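Undergrad: fold the following for me, if possible:
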Amino acid sequence: MDKSAKDPAKISTMFSTIAPRYDLLNRVLSLGIDGYWRRFAVNQLPKVENAKFLDVATGTCEVALEIAKKYPDAKVSGVDFSEGMLELGREKVRKAGHQGRIDVRLADVTSLPFEDNTFDASIIAFGIRNVQDYKKGIAEMGRVVKSGGKVVILEFTSIQNRFFKLPYRFYITKVLTFIGEMVSGRKGAYKYLPSSMLEFPSPDEFKRSMEETGLQDVKYYKLTFGVTAVHVGTKPK
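TA: This is a model prediction of the structure:
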């Protein structure tokens with residue numbers, strides 16, 4: 001994929017455009033499985049009392065709210081580079097009564113506005129593939145995590161299962177883009193998505209990328225025939 005297709009301003013504008021129907025799109029396009037994927041990723045966060053977690057590319061705060069539900073004494077900072085998405089996220093946080101536990105702000109994963117060693121873990125769901133320099137993003141997620149803390153990344157994969165590969169390619173190149181346009185009401189809104197998914201590194205390649213940023217004990221879990229994978233790395237002590 002041409003890096004210009006991942007221009008932060010273009011991606012931010014695109015997400016702000018589809019924000020009002022983003023959650024519905026996720027449910028429809030994932031056939032309702034996206035909630036399970038997020039819960040699985042959140043379950044990889046460390047069990048720490050009064051934990052501080054960072055949710056990167058928080059969007060409409062689905063992951064942040066899942067963290068608040070799973071870890072009742074935790075505090076969550078959510079960041080995203082799309083103000084349109086954050087407006088919806090803040091409203092969902094308010095309705096859930098979590099304003100004191102979930103703080104949401106505008107920021108980019110490649111330049112996080114936090115001190116080193118601030119959080120017990122950082123997590124990103126379906127956001128890292130949209131970052132031009134995703135290794136820099138991973139490095140930043142590691143920088144702000146305490147020694148021994150976790151970096152958790154949930155992302156679509158370039159599917160490896162040979163029986164599922166062709167149907168999957170057809171679904172994301174034809175069906176997904178069509179449904180995306182129908183539900184969002186925005187022509188071309190999901191046009192870039194197939195290439196961003198198909199060209200994303202394999203789980204083994206991505207594991208190496210995380211290790212190259214300094215993370216250790218990197219493990220990954222393939223979910224739903226390898227459609228997505230959850231990678232978990234540990235910051236050295």
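Undergrad: can we go C-alpha only for contacts and neighbour counts from here?
TA: Will do.
Undergrad: quick one: low-confidence parts of the protein?
TA: 1-26, 28-29, 159-161, 180, 183-192 (pLDDT under 70).
Undergrad: quick one, helices of it?
TA: Remark: helices assigned in the chain by DSSP state H are 8-18, 22-29, 34-42, 62-70, 83-96, 134-143, 162-170, 176-184, 193-198, 203-212.
Undergrad: next, the angle from the fifth one to helix 62-70.
TA: In this case it means helix 83-96. 20 degrees (axes from the mean of the first three to the mean of the last three CA atoms, to 10 degrees).
Undergrad: and the helices of the chain, which is most packed in?
TA: helix 134-143 (a mean of 22; mean count of other CA atoms under 10 Å).
Undergrad: which helices and strands does that one pack with?
TA: Packing partners of helix 134-143 (3 or more CA pairs under 8 Å, 6 or more residues apart in numbering; DSSP states H and E): strand 119-125, strand 145-156, helix 203-212.
Undergrad: any chance of the helices of the chain in a markdown table, plus distance to residue 234?
TA: Putting those into a markdown table (distance: least, CA to CA, whole Å) gives the following:
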| stretch | distance to residue 234 |
| --- | --- |
| helix 8-18 | 28 |
| helix 22-29 | 29 |
| helix 34-42 | 15 |
| helix 62-70 | 19 |
| helix 83-96 | 28 |
| helix 134-143 | 8 |
| helix 162-170 | 31 |
| helix 176-184 | 34 |
| helix 193-198 | 25 |
| helix 203-212 | 9 |
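Undergrad: among those, which comes closest to residue 153?
TA: helix 34-42 (7.5 Å; CA to CA).
Undergrad: the inter-axis angle of that closest one versus helix 62-70?
TA: 60 degrees.
Undergrad: find the residue at the geometric middle of this structure.
TA: By CA atoms, centre = their mean, the chain has its centre lying nearest to residue 125, at 1.8 Å.
Undergrad: excluding chain neighbours, what is closest to that residue?
TA: residue 154 (4.6 Å; CA to CA, 6 or more residues apart in numbering).
Undergrad: test my guess that that neighbour contacts residue 63.
TA: No - Residue 154 is beyond contact range of residue 63, at 10.7 Å (criterion: CA atoms under 8 Å).
Undergrad: any common contacting residues for those two?
TA: By CA atoms under 8 Å, 6 or more residues apart in numbering, residue 154 and residue 63 have these common neighbours: 38, 125.
Undergrad: how much space is there between the residue of the chain positioned farthest from its centre and residue 195?
TA: Here the chain reaches farthest from its C-alpha mean at residue 163, the gap being 26.7 Å by CA atoms, centre = their mean. Distance check for residue 163 against residue 195: by CA to CA, to the nearest Å, it reads 20 Å.
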